[in-house]
Structures are given as C-alpha cells and as structure tokens.
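Student: Any chance you could fold what I've pasted below:
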Amino acid sequence: MKLVFAMIVVFCSWASSAFACPGILGVVCDFDEAIIDAGQSLEKGAHDVGAAFDKAISKDGPSGILHPVREYLREAEIPPAGVAAYGIVVLKSKPTSANFTKLVMVCRSFLAHFDRAEISPYPVSDQMITIWPLNDPENELAKADNCEWILQDYTLGAASTAMAYAVKQRMTFEGEGPFLIGWSPADSRGKPDKLVLVVDMSTSNDQASIDHDFDFWKDQIVKDPASWRSGFSVDNIRQKIKDFVDHYGEDIVKDIKMVGL
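Tutor: Predicted coordinates for the structure are as follows:
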C-alpha cells in the first residue's frame, strides 16, 4: 500500500505541471503540494536557525567563539595587532641544571595544548593567542618546535615587561614560576582598573600538574569566551576554580591568581 501511494504522489508531482489531477487524484495532488509546502517551510526554518547561530558565534557577538592558539613572537610584536586577547608564558630565567626538566615539561604542555596561530582559519580578532617570546621566531628549530632550542632562545625581556605590566595591576610574583599571564581584552595590559589573570606554576613540578594548569588556562578561553572578549570577572573565575577542584583537586586553587580573589 505504501508503494502504491508513493507512486501516485510521484505521478501527480509530474502530472501537475502538465494538467490538473481530476477526482481522487486531485485530492492526492493537493496532499502532495501540501507536503512540498511543508518541506519548503522546514528548509526555510532550518536556514533561519543556522543564520541565527552564525550570528551568535560571530566576532561581533558577546558570546562568540574564541579560538585558542599559540605563537612565537619577538618582544616588539607583543601584543599582535588586532588580537582579541592574549597571554604570555613567563619564565624568570633560562634553563639551568636545577630547572631544566621542569621547563621542558612546561614547553611540552604549551605545544600540546594549542595549534599554531598561522594554521588557524580564523581571523586574529577571533583568536586568544598564548605567546612564547623568542629572539628568532623564524628559526628552523622554532618551526620544528624544538623545546631545548626554544628554551635557550627565550626572550627574558618580554617576560620582565609582562610582569611589570601585571605589577601595575597589583599582581605579585613571589614564586619561581613559570607563569601564564593573560589580558582581556588585549588593550587592558597595565591598566590598574582592569583585571589580569595569572596561573602560577611555581609548585607544579610534574607533567600532570603542569598540564592541569594549562587545562585551566585553555578552559577559560574555550568555555567562557565572553570573559576574554570583554574583560575578566572575579566571580566567574572563582566559579571556574570550584569546577576545576572537582576534577583535579585543591592543588589547582593556589596556582590561580587574580586581584580580588
């Protein structure tokens, strides 16, 4: 019965372009036209929903998606022009026999958590860039993500500058680090009335702990893009810390710093 009905509908769809369907076939053809109209309405509705979603995630929307990426930059290039928000991996020193193992773990976590900015299909205005400052970012060993080399080529001046701006915003750096320092939006750097987010890895001495610090950092970008676009909220960060405690334990709490927390 279903096959016969389908054949009649197909026939009427073809026949309606050549002549009107009389009698019972006219009823079927009317039903066929109703199906077509309903399909067109559904298609239009789906298009409207898709357009609304695209608008919601556009860079102009307050909750638009923000894409976490990484980049090697010279000190003079920080922050990149037009970037939505940015952060920097801050080292207090280059590798020594005492800190080499830890800094390699930090480097590996940095590489593991972010795609390179240069391969991102999104404009810089939709990116949150975490920066590893280098003297020679075009070097082949930098392009190869050679951790030993990029640790040695690290630009300490960029780290000192980042900490100085954060200190102007009433942040302190008492531990040995390394630190992740982030500004949102990018032009809030150094402004005393703005908030700066710092992840302090001074007490994170194994790969899992360091990875958790980067997890928290990246989670802020992906799950709360509005904070990175329009400025941090102390209350939102507090809630994020509580959420992370459920997953990683209370050790994560002492690593997160923000004036007011």
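
Student: Can you get me a residue count around residue 199?
Tutor: 24 (other Cβ atoms under 10 Å). All C-beta spots, glycine's among them, are computed from the backbone N, C-alpha and C.

Student: Confirm it sits in a strand?
Tutor: Yes. Looking at residue 199 with DSSP: H, G, I helix; E, B strand; the rest coil, it is inside a strand.

Student: Relative to residue 217, how far out is it?
Tutor: From residue 199 across to residue 217, the span is 5 Å (Cβ to Cβ, to the nearest Å).

Student: again, but for residue 69
Tutor: 13 Å.

Student: what do the two both touch?
Tutor: Common neighbours of residue 69 and residue 217, using Cβ atoms under 8 Å, 6 or more residues apart in numbering, are residue 130.

Student: show me what contacts the closest residue to residue 149 other than its chain neighbours?
Tutor: Using Cβ to Cβ, 6 or more residues apart in numbering and skipping the chain neighbours, the partner closest in space to residue 149 is residue 141 (3.9 Å). Counting by Cβ under 8 Å, 6+ apart, residue 141 makes contact with 149-150, 153.

Student: mind checking the SS state of residue 141?
Tutor: Classification of residue 141 using three-state DSSP returns helix.

Student: so can I have CSV of the contacts of residue 141 showing pLDDT and secondary structure?
Tutor: CSV is the format used below for the contacts of residue 141 (pLDDT from 0 to 100; DSSP: H, G, I helix; E, B strand; the rest coil):
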residue, pLDDT, secondary structure
149, 98, helix
150, 98, helix
153, 98, coil
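
Student: Redo those as CSV? Include distance to residue 169 and neighbour count.
Tutor: Shown next, in CSV, are these (distance: Cβ to Cβ, whole Å; neighbours: other Cβ atoms under 10 Å):
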residue, distance to residue 169, neighbour count
149, 32, 17
150, 28, 22
153, 28, 19
